[in-house]
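> need a structure here:
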Amino acid sequence: MPAIEDGVGPDRFIEITDPGDLRIAEFTAIRERDLTGRQGKFIAEGTVVLSMLAKAHGGSGPVRAEKLLLLKNRVAGLSDLIGQFPDDLPIYVAEASVLDAIAGFHLHRGVLALGSRAAPPDLGHLIAELPESALVLVGCGISNHDNIGALFRNAAGFTADAVLLDETCCDPLYRKALRVSVGAVLAVPYARQGSAEEVLGTLAEAGFEIWALSPSGTVEIGAIAPGRRVALVMGTEGEGLPATILDRFRSARIAQAPGLDSLNVGTASGIALYAIARAMGRLG
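Okay, here's the model as predicted:
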């Protein structure tokens, strides 16, 4: 290994030459393993997500880094980022051909990390811990990992205090959801449990005004004068939110050109969060 600048020495790195090396077994066949779940562990991919993992690892929260696997020729350029992790964190490096054989596909980013996260808090506990003035984003039946990632990215960008997912939503720790969220899944508090009705019922009991987003909503999102506690509810693309939710809670729509299909979940959640966060005085 060549010398590494900024105090990160070559003796910190463990070179992998065999794709079957058991020390990096968690990184093998990433796509297939994603589909079966990792029981609280996750794969962070790319420098942006790795940076978020470094910040989360350094705090007192539930997220921890367990090991890194890096493309050998990227190590020198990552010295500052590597230096944010504890000295005893295992860091493995490999040539491109070995790294690709480990992952099972061409890994052009050349940056992987294995992390773990403690089980998300109980839904009721998380809601009880929210501040008196709070904005939350709720996902119901969202099974697309890109959309889950977009929800978290928008939540972080527009000051949402939490993301609440019903039990039918996909796992936000899935590698692609993490990547699309640019690591926001590691920073935004969330819970994933219960039916949509249970999630929204708990929020209502905690004094949240609930706005369900739908193209047929009765109020345009920009016309809402929100109170101190607001929950924005997003449904899956295509079917949207079930009638039981739209009938029970107030509904909002985003004005758009006629004759077009509805906006996708990522775009709609960003617009809605921006409008409500701004109306609540949360944005500069």
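
> can you give me the helices for the stretch 101-250 of the chain?
Taking DSSP state H, counting those that start in this stretch, the helices of the stretch 101-250 of the chain run over residues 123-128, 145-157, 175-180, 196-205, 243-248.

> select, out of those helices, the one closest to residue 77.
helix 175-180 (19.5 Å; CB to CB). Heads up, the C-betas are built off the backbone N, CA and C, glycines and all.

> the longest strand seen in the chain - contacts with which helices or strands?
Ordering each strand of the chain by length in residues (DSSP state E) puts strand 63-71 first. Applying 3 or more CB pairs under 8 Å, 6 or more residues apart in numbering; DSSP states H and E, we find strand 63-71 packed against helix 47-57, strand 91-94, helix 96-103, strand 111-117.

> that one: which residues count as buried?
63-65, 67-71 (16 or more other CB atoms under 10 Å).

> circling back to that earlier point, now the helices of the stretch 101-250 of the chain in JSON lines, with mean neighbour count and mean pLDDT?
JSON lines is the format used below for those (neighbours: other CB atoms under 10 Å; pLDDT from 0 to 100):
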{"stretch": "helix 123-128", "mean neighbour count": "17", "mean pLDDT": "96"}
{"stretch": "helix 145-157", "mean neighbour count": "24", "mean pLDDT": "97"}
{"stretch": "helix 175-180", "mean neighbour count": "22", "mean pLDDT": "92"}
{"stretch": "helix 196-205", "mean neighbour count": "18", "mean pLDDT": "97"}
{"stretch": "helix 243-248", "mean neighbour count": "14", "mean pLDDT": "94"}
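
> tabulate those helices in TSV, adding columns for distance to residue 43.
What follows is the helices of the stretch 101-250 of the chain, written out as TSV (distance: least, CB to CB, whole Å):
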stretch	distance to residue 43
helix 123-128	25
helix 145-157	13
helix 175-180	5
helix 196-205	27
helix 243-248	33
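
> for stretch 276-284, which outside residues touch it?
The contact list for stretch 276-284, computed with CB atoms under 8 Å, 6 or more residues apart in numbering, reads 133, 135, 158-160, 211, 221, 224-226, 228, 230, 232, 274.

> narrow those to those in strands?
Assignment to strands by DSSP E places the following of the contacts of stretch 276-284 there: 135, 211, 230, 232.

> can you say which of the contacts of stretch 276-284 are buried?
Buried, going by 16+ other CB under 10 Å: 135, 158, 160, 211, 221, 224, 226, 230, 232, 274, out of the contacts of stretch 276-284.

> got TSV for the residues you listed, with pLDDT and distance to residue 192 too?
What follows is the buried ones among the contacts of stretch 276-284, written out as TSV (pLDDT from 0 to 100; distance: CB to CB, whole Å):
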residue	pLDDT	distance to residue 192
135	98	19
158	98	20
160	98	15
211	98	21
221	97	25
224	97	27
226	96	25
230	98	20
232	98	17
274	98	24
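
> nearest to residue 24 among the residues you listed?
residue 160 (35.5 Å).

> could you check how far residue 99 is from residue 249?
Applying CB to CB, to the nearest Å, the value for residue 99 to residue 249 is 48 Å.

> try residue 65
For residue 65, the distance to residue 249 (CB to CB) stands at 40 Å.

> one step back: closest one to residue 260 among the helices of the stretch 101-250 of the chain?
helix 145-157 (18.5 Å).

> okay, now the unreliable bits of this protein?
Applying pLDDT under 70 to the chain flags residues 1-11, 32-38, 59.

> picking up where we left off before, between residue 99 and residue 249, tell me which one has more neighbours.
Neighbour totals were compared for residue 99 and residue 249, and residue 99 leads with 25 against 19 (other CB atoms under 10 Å).
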